[in-house]
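> Give me coordinates for this.
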Amino acid sequence: MVSEYPPSIDQLARSLKDTGLPHPLLVDAARLAISEGNSEDFEKRARNIAESMASNLLTDVINATGVLLHTNMGRAPVDVSTSSTRYTNLELDLLTGDRGSRQDRAPQLLAKACGAEAAMVVNNCASAVMLVLAALAGGESVAVSRGELVEIGGGFRIPEVITQSGAKLVEVGTTNRTRVKDFAKAVNKENVVLNLSVHQSNYRIEGFTESVKISELAELDVPVVADIGSGLLDAACPWLESGPPAWLRNEPAARQTLEAGADLVTFSGDKLLGGPQVGVIAGKADLVKACSSHPLARALRPGGLVLNSLEKIALSYLDRDGNAIPFWRMATLPIDELRSRAEEINPLWVADTFSTPGGGTLPGVEIPSVGLVVPGDYSESLRLNDPPIICRVVDNSTICDLRTVHPNDDGVVGAALEAAVS
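Next comes the predicted model:
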């Protein structure tokens, strides 16, 4: 016989202790289950709610989508943890004992890696662009080609970023064709104090097009800031033994953009740089100093864990050790190695596939890869695995692309897929 009275909320919450959630969250789960009025099995419903809460917390996932920089999964995989419980010298100069700057380590290592006089980092690339504009053109006019007034992830638009910086947008040229004389006219007649070049990143304009080179903008009598977006440090890729892969062709790089005449470059840390989410500002020392002295710099600065992770990435670049950077290790894995791994899991499932850079970089680029392909949609079963495995489904077939799966997880993917199919 079912009791007409609901159980005690506290008693029901305590029965869920094995879920590992803190008691206040278990009380919420118990209260919600009872409020739904399902008197037949309050505990079962409360447990489902608690497990849903637990699954919504941050956790490791296995990326088997083939998208190397998957925004929903944090883009570039990096280690932001530290095994030490000690303090760090985040803003401490150990030689003098005086206060130091968090911009003195990782940012300056990146500056050296891309041939800049100086660099600083903020919490993402949109912040970097906004800070540069606020520091160098606050209250003044900035010229941008109409073909580069892009919208980036989450609905953030370049015109809105410029507005928030306090600068005034001057649109030049047309959507498909902009010439250097358009910028020159704006400098002379619109009192433009800065020319901004924005990499289109996640879209392309094809056909009857024309754009302005950085070297052409550099001939005008105002600073040039180039937002190269994706964060390729050097087009020569000296950290890769085999040199730059073919799919990187025509991607702007920080070193070459500065050499072409840009005064500053801005770019993301969690895309082709392969690091944590930051925005990098690199270039002439006086302009970087002006940015670091602006009040917004403090509001936009990253924390110690992020800078620690970025320092490791920067040192790997200076060591020319691309294999130590997870993104580059994955992106350059030989097809034969991927095929061998796939055959070891299950030779009946091996198939050629394509990976993509993702994260708003290199639109339309496909990187040959190898994965496991089985008929049917098993994405939900894999997603609910422990650890979760995120795959892709094409034409009602489940695809697990091994380029984005760490070799240590091959057995986990194989076992989960076998269980789902059987």
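
> Contacts only, for Asn195.
Val142, Ala143, Val144, Phe183, Val187, Leu217, Leu220, Val222, Pro223, Val224, Val225 (Cβ atoms under 8 Å, 6 or more residues apart in numbering). Yep, even glycine has a C-beta here, placed from its N, CA and C like the rest.

> Can you pull out the low-pLDDT segments for the stretch 51-200 of the chain?
Counting by pLDDT under 70, the stretch 51-200 of the chain has low-confidence residues at 82-83, 153-155.

> which residues in it form strands?
Taking DSSP state E, counting those that start in this stretch as the criterion, the stretch 51-200 of the chain carries its strands at 62-63, 118-122, 141-145, 151-152, 156-157, 168-172, 192-198.

> nearest to Gly269, of these?
In terms of Cβ to Cβ, the element of the strands of the stretch 51-200 of the chain nearest to Gly269 is strand 118-122, at 7.0 Å.

> can I get the strands of the stretch 51-200 of the chain in CSV with distance to Cys291?
Formatted as CSV, the entries for the strands of the stretch 51-200 of the chain read as follows, by distance: least, Cβ to Cβ, whole Å:
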stretch, distance to Cys291
strand 62-63, 34
strand 118-122, 6
strand 141-145, 15
strand 151-152, 20
strand 156-157, 19
strand 168-172, 19
strand 192-198, 12
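
> Deepest in the core, which of these is it.
Comparing the strands of the stretch 51-200 of the chain by mean neighbour count (mean count of other Cβ atoms under 10 Å), strand 118-122 ranks first with a mean of 26.

> what pairs with that strand, and is each one parallel or antiparallel?
Using DSSP bridges, strand 118-122 pairs in its sheet with strand 279-283 (antiparallel).

> Beyond the partner strand, next helix or strand please.
Towards the C-terminus, the helix or strand next in line after strand 279-283, according to DSSP states H and E, is helix 285-292.

> next one: that following helix to chain centre, how far?
In terms of Cα atoms, centre = their mean, to the nearest Å, the centre of helix 285-292 is found 25 Å from the chain centre.

> Show me what secondary structure element comes after that helix.
Moving toward the C-terminus from helix 285-292, the first helix or strand encountered (DSSP H and E) is helix 295-299.

> From the contact counts, what lies against the helix or strand following that following helix?
Sequence order places helix 304-318 as the next helix or strand after helix 295-299, per DSSP H and E. Helix 304-318 sits against helix 106-114, with contacts defined as 3 or more Cβ pairs under 8 Å, 6 or more residues apart in numbering; DSSP states H and E.

> hang on, Leu333 packs against Arg403?
Yes: in this structure, Leu333 is within contact of Arg403 by Cβ atoms under 8 Å, at 5.9 Å.
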